[in-house]
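Q: Fold the following.
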Amino acid sequence: MRTFRNNLRTIVKKELADHFSSYRFLILFALIAMASLILVSMAASGIGESIKGMQAPRFVFLMLFTTSKIGFSLVQFVAFFGPLIGLILGFDTINRERNEGTLSKLLAQPIYRDTIVNGKFLAGVVVIAVMMTSIILLITGMGLISIGVKPGIEELWRILIYLIISIVYISFWLEVAILFSILFRSITTSALAALAVWIFFSFFLALGVNALISTLLSTDTTSAGNSLPIIYGIEKTLSFTSPMMLYTDSTAAIVDPLRRTLRPFIVQMGMMEQYSLARFSGPLPLLQSLLIVLPYVVFLIAITVICFAISYIVFIRQEIRSI
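A: Reported below is the predicted structural model:
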């Protein structure tokens, strides 16, 4: 057991040194940080103008993550482009060493195969955690300077939970890239396959869902009203098949305490219904928000574990020859 831990620690340190010393990491981190700071600065200017001369509302600090003048918030930015961090970090993790002949030399040492795949994945997760934590700290500091309102304890907890969910989400795409790096010897093929999966779940699946909903709602009023439960069932089912939808739903009630449901459509209500629901217009406590998003978080963790298990099994059974 001690030998396994020492070998795992050695692999992790070696991978971390490779990541942090590479131009790929520096360029990627600079681009993500610059885009995030631009989005947050625009959101902060809009928030500052809206609350000027009035008492700041509760949870105003969380609006940095959910609002933007260009209609594209930080949460949406991470949901769409966060996977690129994991894909870029992991698309050549295994096949690069296989093509260079270093993988067979590494396995010639008293190191188990599972130590290699575990160490590479853990190192990638650490890099993702460092990158996301640094960006969140930069955003928090900019928010303190721009808005002049310090976050409350509950807001800090919500930001921390959002950070953890984001790390899990990007780690899933890291494992997808590692899986394709194990399956394909060509680095170009593994990169294209990983990008194809990201494009499908990020764009094509959403377009297909929107087209299906538009078709169902294009009927007469009576049929459209009867189709609302069907539409909700379809979107809920597809949300568990798309990592991006899982991430969006799992962070929706965390960064926006005013959201009391994850239902994607608006049900028209009469005057009395709206009046009776006015009692529930306040923000949700943190525990209630966690209960709402818990199924989505658990499912996101589950698909990450499943993807890691597939990569583990394939790599253990794969034949590796020296070139």
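Q: check contacts around Phe20.
A: By CB atoms under 8 Å, 6 or more residues apart in numbering, Phe20 lies in contact with Val127. For every residue, glycine as well, the C-beta is placed using N, CA and C.
Q: Burial check on the closest residue to Trp157 other than its chain neighbours, number of neighbours?
A: In space, Trp157 comes closest to Leu286 once its chain neighbours are excluded; the distance is 5.9 Å by CB to CB, 6 or more residues apart in numbering. Residues lying near Leu286 (other CB atoms under 10 Å) number 17.
Q: Could you tell me how far Ala79 is located from Tyr162?
A: 11 Å (CB to CB, to the nearest Å).
Q: list residues touching both of those two?
A: Counting by CB under 8 Å, 6+ apart, the residues touching both Ala79 and Tyr162 are Thr251.
Q: pretty sure Lys150 is touching Leu144, no?
A: Yes: using CB atoms under 8 Å, Lys150 makes contact with Leu144 at a distance of 6.3 Å.
Q: ok, now which ones touch the residue nearest to Trp157?
A: So Leu286 contacts Glu154, Trp157, Arg158, Pro257 (CB under 8 Å, 6+ apart).
Q: residues in contact with the third one?
A: Looking back up the chat, that one is Arg158. Leu62, Ile254, Val255, Pro257, Leu286, Ser289.
Q: Check which helix or strand it maps to.
A: helix 153-183 (DSSP states H and E).
Q: Now that helix: average pLDDT?
A: In this model, helix 153-183 carries a mean pLDDT of 93.
Q: got the buried residues for that helix?
A: 154-155, 158-159, 161-163, 165-183 (16 or more other CB atoms under 10 Å).
Q: Check which element follows it along the chain.
A: Next element after helix 153-183 (DSSP H and E): helix 187-199.
Q: More neighbours: Lys150 and Leu144, which one.
A: Shown here are Lys150 and Leu144; by other CB under 10 Å, Leu144 has more neighbours (14 against 11).
Q: Please, which helix or strand holds the more buried one?
A: Here Leu144 is assigned to helix 113-147, by DSSP H and E.
Q: which one of the contacts of Arg158 is nearest Ala206?
A: Within these, the smallest distance to Ala206 is 20.1 Å, found for Val255 (CB to CB).
Q: Please name the residues that touch the closest one.
A: Counting by CB under 8 Å, 6+ apart, Val255 has contacts Leu62, Phe65, Thr66, Val75, Arg158, Ile159, Tyr162.
Q: could the residues you listed go into CSV alongside distance to Arg24?
A: CSV is the format used below for those (distance: CB to CB, whole Å):
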residue, distance to Arg24
Leu62, 32
Phe65, 27
Thr66, 30
Val75, 25
Arg158, 32
Ile159, 28
Tyr162, 26
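Q: Out of these, which comes closest to Trp198?
A: Val75 (17.7 Å).
Q: And the closest residue to the closest one other than its chain neighbours, how far from Leu106?
A: In space, and not counting its chain neighbours, Val75 is closest to Phe65: 5.4 Å by CB to CB, 6+ apart. Counting by CB to CB, the gap from Phe65 to Leu106 is 41 Å.
Q: Heading C-terminal from the lowest-mean-pLDDT helix or strand in the chain, find the next helix or strand.
A: The helix or strand of the chain with the lowest confidence, counting by mean pLDDT, DSSP states H and E, is helix 271-277 at a mean of 39. Using DSSP H and E, the next helix or strand after helix 271-277 towards the C-terminus is helix 286-317.
Q: before we move on, the earlier item: of Phe65 and Leu106, which one has the most company?
A: Phe65 (27 against 16).
Q: is it true that the more buried one touches Leu74?
A: Yes: using CB under 8 Å, Phe65 is in contact with Leu74, at 4.9 Å.
Q: Please enumerate the shared neighbours of those two.
A: Shared contacts of Phe65 and Leu74, counting by CB under 8 Å, 6+ apart, come down to Ile139.
Q: ok, which stretches of the stretch 1-150 of the chain are helices?
A: Along the stretch 1-150 of the chain, the segments classed as helices by DSSP state H, counting those that start in this stretch run 2-20, 23-50, 63-66, 74-90, 95-100, 102-107, 113-147.
Q: right, and those - which one's nearest Ala211?
A: Of all the helices of the stretch 1-150 of the chain, helix 74-90 comes closest under CB to CB, at 19.3 Å.
Q: and the closest one, average pLDDT?
A: 90.
Q: same check, this time on stretch 301-313
A: Mean pLDDT, stretch 301-313: 93.
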